[in-house]
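# Please work out how this folds:
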Amino acid sequence: MTTLSRTTSAIILAASAWWWAVFLAMHILEPEFDPLRAPGSAYVLGAYGGWARTSYLALSAVLISAGLGLAANLPATVLTRVALWAFFTAGAGAVLAGLFSMDFPGPPRTVSGWLHAAGGLLAFLPWPVGTFLFSLSIRRDIDGNDAREHGSRSPLSKLVSWHCCSYRLFFSALAVMRSGCFSRCSLRG
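Prediction:
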């Protein structure tokens, strides 16, 4: 494992742990925000908004470190380069979304709200695209052989896959719960 791989892995682990700790702490510290009805960005508007803002920087650190670590350990193909730029874009979008507060409730009405929304789009649209493109690069080793045949997935790629999947699954579940379908199917609806 190279120094870059060790460094990016350490950043990913530390920033992921920080992100999860802050996000879970916000649920406890700010009970007035219902996580099923209010987006996570609403925590920035509360009494502990400064702490909530740090989660955006942690997410950016995870995305940029994951992109660098994966790109350094995968063949230098067009897919890998595009995936790296997608992760850089997503990291920049996370910082932009963290710098500006959302307008709650409802659609963006202020410059800050619009910049937050733009940052969210820049973060959450390129991220899954980059993840998909990296996954295509991970499937093949540098000689073009199918990596699954000889188990050459690196620990870094496993770590990134775990983080991306856990984050996506968590927010996909929240999105389903916030949707009208959940309300109609629950006893409260």
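# From here on, just use CA atoms for contacts and neighbour counts.
Will do.
# and Gly130, what helix or strand is that in?
helix 126-138 (DSSP states H and E).
# Kindly provide the whole-number mean pLDDT of that helix.
The average pLDDT within helix 126-138 is 87.
# before we move on, what about stretch 109-121?
90.
# ok, and what's touching it?
Stretch 109-121 is contacted from outside by 92-103, 108, using CA atoms under 8 Å, 6 or more residues apart in numbering.
# what's downstream of the host helix or strand of Ala14, the next helix or strand?
Taking DSSP H and E as the definition, one finds Ala14 inside helix 3-29. Note on helix 3-29: by DSSP H and E, the next helix or strand toward the C-terminus is helix 49-73.
# Flag every buried residue along that following helix.
49, 51-71, 73 (16 or more other CA atoms under 10 Å).
# Name the residues that touch that helix?
By CA under 8 Å, 6+ apart, the surrounding residues in contact with helix 49-73 are 4-5, 8-9, 11-12, 15-16, 18-19, 22-23, 26, 43-44, 80-81, 83-85, 87-88, 90-95, 97-99, 134, 156-157, 160.
# Filter the residues you listed down to the buried ones and hand me the ChimeraX line.
Selection of buried members from the contacts of helix 49-73 for ChimeraX, criterion 16+ other CA under 10 Å:
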select :5,8,9,11,12,15,16,18,19,22,23,26,43,44,80,81,83,84,85,87,88,90,91,92,93,94,95,97,98,99,134,156,157,160
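# Confidence-wise, which helix or strand of the protein is lowest on average?
Lowest on mean pLDDT, DSSP states H and E among the helices and strands of the chain sits helix 180-185, with a mean of 39.
# Using neighbour counts, pick out the buried residues of the helix holding Gly130.
Using 16+ other CA under 10 Å as the test for burial, helix 126-138 gives 126-131, 133-135, 137-138.
# Could you measure from Arg53 over to Val62?
Taking CA to CA, to the nearest Å as the measure, Arg53 falls 15 Å from Val62.
# give me the number of residues near Val78?
By other CA atoms under 10 Å, 11 other residues sit near Val78.
# And for Ala47?
For Ala47, the count of nearby residues is 12 (other CA under 10 Å).
# How much space separates the closest residue to it other than its chain neighbours from Pro128?
Of all residues not flanking Ala47 in the chain, Glu30 sits nearest, at 7.6 Å (CA to CA, 6 or more residues apart in numbering). Going from Glu30 to Pro128 by CA to CA gives 29 Å.
# likewise Ala17?
To Pro128, Ala17 is 21 Å away according to CA to CA.
# Same check on Leu122?
Counting by CA to CA - Leu122 and Pro128 are separated by 11 Å.
# Can you read off the pLDDT for the residue sitting nearest the centre point of the chain?
Using CA atoms, centre = their mean, the residue of the chain that lies closest to the mean C-alpha position is Leu59, 5.7 Å off. Leu59 is assigned 93 on the pLDDT scale.
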